[in-house]
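Q: no sequence on this one, just coordinates:
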């Protein structure tokens, strides 16, 4: 399935209901979750050909939204990674300062841009977004219902063992023996998202989402200079939780701190070393933009991706200032100081000097 076929297939994005014809040519594999099955507070996933999922969806709808396979939801398909030059959609202006995908694009390993497709009745259990990122979701067709809880309310939605609720609308939460704090929980903010509407979910807001109709949406996780300190705080909290979990082995395990970092990456997708690499790439990109700005401005548009080429001087300096703040905090962090300094290139102190030098030059 080439890019021209993809563009033809996505013409149905203009309609009220999905049309499956062109997409059935797709032989690539997509992740599909079974919304009727609970597995570790989530839905189990399988990978199947896109054409098979669309055949299921059509049959599911024609059978009155009933299937022996259950209610299947195509989630977290990396369409952008499969078709990086798709041209089907562009990121809305207010979400273009996206450090998360900028970093993953630079190392060419992953991204946090997704397409979701699901029938009426498919849903996503209660959760907060990865590494306390923001998210935005655009409905191409169909309608969603969102239940959103401000940060802190999730503490009232945990059982006695500290496990988050799977379904915040389940009657099991009313059992005070299992959910002793549920009665203190505020009612969620309920939002119905219609076709053509985009919703922004702030960092740390837990949510649960239902497809009220057959729905297709574009979803991005992202963060930037306004939330990078929240990500850093989250990583510190997660590392502390890991350390407490295996504290009994601290004096009996060689390289205990390194093991904690490995577990942190397993739990969150990133550890302190990679977080430093993340900040380094963001900082170096801003430095390069500012250096180009002082010369031939036309070179910016030919050298950098569109999102970077439109940053401008003030935005680039702001991003460097926020990066500098977090790097300074990291240098005072005991666990960061335990990392193998030979793996940090350049040394954090030298990167800070680079940032201060370019800021002084631009602002002088």
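A: Arrived safely, thanks for sending. Computed from a predicted model, the values in this text were never measured in an experiment. Numbering: from 1, shown residues only.

Q: so residue 105 versus residue 161, what's the distance?
A: 39 Å (Cβ to Cβ, to the nearest Å). Where you see a C-beta, it was placed from the backbone N, CA and C, and this is true even at glycine.

Q: higher neighbour count, those two?
A: residue 105 (19 against 6; other Cβ atoms under 10 Å).

Q: where do the helices sit along this protein?
A: Taking DSSP state H as the test, the helices found in the chain are 3-9, 50-62, 79-82, 99-107, 228-245, 256-268, 272-293, 298-303, 306-309, 312-331, 334-337, 348-363.

Q: so who does residue 180 touch?
A: Applying Cβ atoms under 8 Å, 6 or more residues apart in numbering, we find residue 180 in contact with residue 160.

Q: where's it relative to residue 82, distance?
A: According to Cβ to Cβ, residue 180 stands 46 Å off from residue 82.

Q: quick one: low-confidence parts of the stretch 1-150 of the chain?
A: 1-26 (pLDDT under 70).

Q: mind redoing it with 50?
A: 1-15, 20, 22 (pLDDT under 50).

Q: still on that earlier bit, same list (the helices of the chain) but as JSON lines, adding distance to residue 43.
A: JSON lines is the format used below for the helices of the chain (distance: least, Cβ to Cβ, whole Å):
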{"stretch": "helix 3-9", "distance to residue 43": "26"}
{"stretch": "helix 50-62", "distance to residue 43": "15"}
{"stretch": "helix 79-82", "distance to residue 43": "20"}
{"stretch": "helix 99-107", "distance to residue 43": "24"}
{"stretch": "helix 228-245", "distance to residue 43": "23"}
{"stretch": "helix 256-268", "distance to residue 43": "19"}
{"stretch": "helix 272-293", "distance to residue 43": "28"}
{"stretch": "helix 298-303", "distance to residue 43": "43"}
{"stretch": "helix 306-309", "distance to residue 43": "32"}
{"stretch": "helix 312-331", "distance to residue 43": "34"}
{"stretch": "helix 334-337", "distance to residue 43": "34"}
{"stretch": "helix 348-363", "distance to residue 43": "40"}
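
Q: worst average pLDDT in the ones you listed?
A: Mean pLDDT is lowest for helix 3-9 among the helices of the chain, at a mean of 42.

Q: residue 318 is in contact with residue 224, isn't it?
A: No. With contact defined as Cβ atoms under 8 Å, residue 318 does not reach residue 224; the gap is 9.5 Å.

Q: who's more crowded, these two?
A: residue 224 (20 against 17).

Q: and the closest residue to that one other than its chain neighbours, backbone torsions?
A: Of all residues not flanking residue 224 in the chain, residue 97 sits nearest, at 4.3 Å (Cβ to Cβ, 6 or more residues apart in numbering). Backbone torsions for residue 97, taken as degrees, to the nearest 10, come to phi -80, psi 90.

Q: ok, residue 97 touching residue 315?
A: Yes. Residue 97 lies in contact with residue 315 (Cβ under 8 Å); the separation is 7.1 Å.

Q: of these two, which one has the most company?
A: residue 97 (20 against 16).

Q: now stretch 43-56: buried residues?
A: Buried positions in stretch 43-56, judged by neighbour count with 16 or more other Cβ atoms under 10 Å: 43, 45, 50-51, 53-54, 56.

Q: so how far is residue 272 from the spatially closest residue to residue 338 that is not a sequence neighbour?
A: Nearest residue to residue 338, sequence neighbours excluded (Cβ to Cβ, 6+ apart): residue 257, at 4.9 Å. Counting by Cβ to Cβ, the separation of residue 257 from residue 272 is 10 Å.
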